[in-house]
Structure formats: C-alpha cells, structure tokens
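Visitor: give the three-dimensional model of this entry:
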Amino acid sequence: MTSPYYKDKDKMTSSLYLLTCPRLVRIVDNLESDGGIERYNEKLEKSAELQDAMRQIHERHSKTRIQYVGEHNLARNREKFGRERADVIIYSGITGMTPTQVTDIKCLHAHLADYLCTGENIFGRMILDEIHTKLLIDTDGESGCWQMCDPLHALSEDSYW
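Guide: The predicted structure follows:
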C-alpha cells in the first residue's frame, strides 16, 4: 500500500497499490500495448455485472483511502490542498477515477496490483489468468528474480538483472 502523499507532502496521489515487480510490469506493459485496455473496456461495456464490480472496487478504494488518511486529517488536507482537490483524491476510485466511471479500466497494472494485495479485484484476477493461460507465463518468479525484490539483498554484478 502506498501513501496518499508524495514524499514532499505537498502533493497527494490517489494510488493505493503499485505493481512493483519488474517482470510483471513488463508483462502488463505488453498486454496494454497489445490492446488489453480496449479488450477489458469492451467487456465492461457489455456487462452490468462487471460494471457493478468496478463500482465496488471504486467504493473500496475510497473507503480504504479515507481509513488510511483518517477523518481527523481530512480537514487538514482540505485546508492544505483545497477542499475540491483533496476531496477528489480522497473520494476517488481506483487509479483516481471518478467513482461513477464504470466502463473504463484505465490501467491494467493498478487492477493487478490491487488483486495481488487484496485478492478482491475481479479484473486483476482476469489479468493474472490471462497471463497464465493465454500467454503461458509463470508469475511465481524465477530462480533469481527475488534478488530485485528483496531490499535486504545486496546486488552484485552477477545478480539477476
């Protein structure tokens, strides 16, 4: 989970979960480049059930963000960032989307990260299933890829990447 504030604390972000595995990021980049967003948007446009799932994801993200920031900090955020700006970020859905926008997936990375962190995102599950079944890519890692993700591992010239 990421902080709703940037490091300098003078800006806010709507992101809650980030896909950080370099291998998964590259795989999802390729999915998006190959029309993945358009394919998922087509599914969303045709399915009231998926639209309802997107609505629930937006609501969960807003509630999680409010819990993380805390109601007691909401007034301070409104004062610091302006009421409208703070509220747009605090009450936004996944990837900062307007909660009523339920026919645009916007970012496959965000949905996969959300699913991997919470287990509650149907689109993230669909993306992971697509990676496994259509692309035939194992996402459990390779013998050396852990080196890039373990902050306690000192990288050397013969490290994975």
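
Visitor: so who does Gly70 touch?
Guide: The contact partners of Gly70, by CB atoms under 8 Å, 6 or more residues apart in numbering, come to none. In short, each C-beta sits where N, CA and C put it, glycine included.

Visitor: please redo it, this time with the cut-off set to 10 Å
Guide: Arg76, Asn77 (CB atoms under 10 Å, 6 or more residues apart in numbering).

Visitor: helix or strand for the residue nearest the centre of the chain, just tell me which one.
Guide: The centroid of the chain falls nearest to Ala110 when counting by CA atoms, centre = their mean (2.2 Å). Per DSSP states H and E: Ala110 is located in helix 108-118.

Visitor: go on, Val25?
Guide: Using DSSP H and E, the secondary-structure element containing Val25 is helix 22-33.

Visitor: C-alpha coordinates for the helix or strand that that helix is followed by, PDB please?
Guide: As assigned by DSSP H and E, the chain's next helix or strand after helix 22-33 is helix 36-46. Output of helix 36-46 as PDB, limited to C-alpha atoms (Å, rounded to 0.1, in the frame of the first residue of the first chain):
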ATOM      1  CA  GLY A  36      -5.600  -5.100 -23.400                       C
ATOM      2  CA  ILE A  37      -7.300  -1.900 -22.100                       C
ATOM      3  CA  GLU A  38      -9.600  -1.900 -25.100                       C
ATOM      4  CA  ARG A  39     -10.400  -5.600 -24.600                       C
ATOM      5  CA  TYR A  40     -11.300  -5.100 -21.000                       C
ATOM      6  CA  ASN A  41     -13.300  -1.900 -21.800                       C
ATOM      7  CA  GLU A  42     -15.300  -3.900 -24.300                       C
ATOM      8  CA  LYS A  43     -16.100  -6.500 -21.600                       C
ATOM      9  CA  LEU A  44     -17.100  -3.700 -19.200                       C
ATOM     10  CA  GLU A  45     -19.400  -2.000 -21.700                       C
ATOM     11  CA  LYS A  46     -21.300  -5.300 -22.300                       C
END
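
Visitor: for this protein, give me the ranges with low pLDDT.
Guide: By pLDDT under 70, the low-scoring segments of the chain are 1-13, 142-144, 146, 148-149, 155-161.
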